[in-house]
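> got a predicted structure here, sequence first:
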Amino acid sequence: MHTAKQAKQHAKHAMTGNGHGQHGGADFEIDVRALRERAREHLDDGAVTEDYRADRDAVVHMLNDALATELVCVLRYKRHHFMATGIHAEPVAAEFAEHAAQEQDHADRIAARIVQLGGEPDFSPDSLSSRSHAEYVTGNNLRDMIRENLVAERIAIESYREMIHYLGDRDTTTRRMLEEILAVEEEHADDMRDLLDRE
């Protein structure tokens, strides 16, 4: 039978978790002084700190290719929006316009991340097509346009998955951004497939 004193000690031990305290464990501790000192070094690197583990040049190059891909997709969707004709063209053209705006948003986010990493976003029109993973295909009719956009979305999906796999946990900020973009590209592919089924 426990005495009152033993019961009190047992309760205290249960609350503290074997001496680790109420804060969830003593194994995690930040060296704040070292953190502050490192933050004052290499200020020109901006958001990129010493614990950034990815190859920054490789990531910037990868993102510039993704930027080119998004810009080519914007241009293709824009053309298809204005060139869509036929009895079912109006809702399809509206879908193209919506996708173009979303691809532009992706391009803007990628460009901003490139700058955060100390790189320069490459908007040169001379090399857009050669750097883009997706192609700029005009399409001969509404069905062709939908089909080509579905092909481009499938290319983008696979490309982003490979980029995400490459980054792993070495650049979690870029990886999260790409994961969010990937989710939208998957929605776009579903939209194009649905439109194709209706034609």
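Now that the structure is in, tell me what you want to look at. Since this is a predicted model, take the numbers as computed values, not measurements. Numbers count the residues shown, from 1 in each chain.

> ok, E90 - how many residues close by?
Residues near E90, counting by other Cβ atoms under 10 Å, number 11. Backbone N, C-alpha and C define where each C-beta goes, glycine included.

> distance check, it against F96.
Between E90 and F96 the computed distance is 11 Å (Cβ to Cβ, to the nearest Å).

> so what sits against both of these two?
A84 (Cβ atoms under 8 Å, 6 or more residues apart in numbering).

> backbone torsions only: list them for the nearest residue to R56 once chain neighbours are set aside.
Nearest non-adjacent residue to R56, counting by Cβ to Cβ, 6 or more residues apart in numbering: L117, 5.6 Å away. Phi and psi for L117, reported as degrees, to the nearest 10, are phi -80, psi 0.

> so L117 is in contact with V59, correct?
Yes. If you go by Cβ atoms under 8 Å, L117 and V59 touch, sitting 6.2 Å apart.

> quick check: neighbours shared by the two?
What both L117 and V59 touch, as defined by Cβ under 8 Å, 6+ apart, is the set T174.

> how much space between the residue nearest to R56 and L128?
21 Å.

> neighbour count: those two, which is higher?
Applying other Cβ under 10 Å to L117 and L128 shows that L117 carries more neighbours, namely 21 against 17.

> and that one, how far is that from R147?
36 Å.

> please name the residues that touch M145.
Contacts of M145 by Cβ under 8 Å, 6+ apart are H80, M83, A84, V92, F96, T138, G139.

> just the ones of those in helices?
H80, M83, V92, F96 (DSSP state H).

> counting neighbours, which of those comes out on top?
F96 leads the ones in helices among the contacts of M145 on contacts (other Cβ under 10 Å) with 27 neighbours.

> residues in contact with the closest residue to that residue other than its chain neighbours?
Using Cβ to Cβ, 6+ apart and skipping the chain neighbours, the partner closest in space to F96 is H81 (4.0 Å). Residues near H81 by Cβ under 8 Å, 6+ apart: A93, A94, F96, A97, A100.

> do E185 as well
Contacts of E185 (Cβ under 8 Å, 6+ apart): E153, A156, I157, Y160.

> distance check, the second one against R193.
If I follow you right, that is A156. 14 Å.

> more neighbours: those two, which one.
Counted by other Cβ under 10 Å, A156 and R193 do not tie: A156 has more neighbours, with 26 against 14.

> any idea which element A152 lies in?
Here A152, judged by DSSP states H and E, is contained in helix 142-167.

> give me the secondary structure label for F123.
On the three-state scheme (DSSP: H, G, I helix; E, B strand; the rest coil), F123 is labelled coil.
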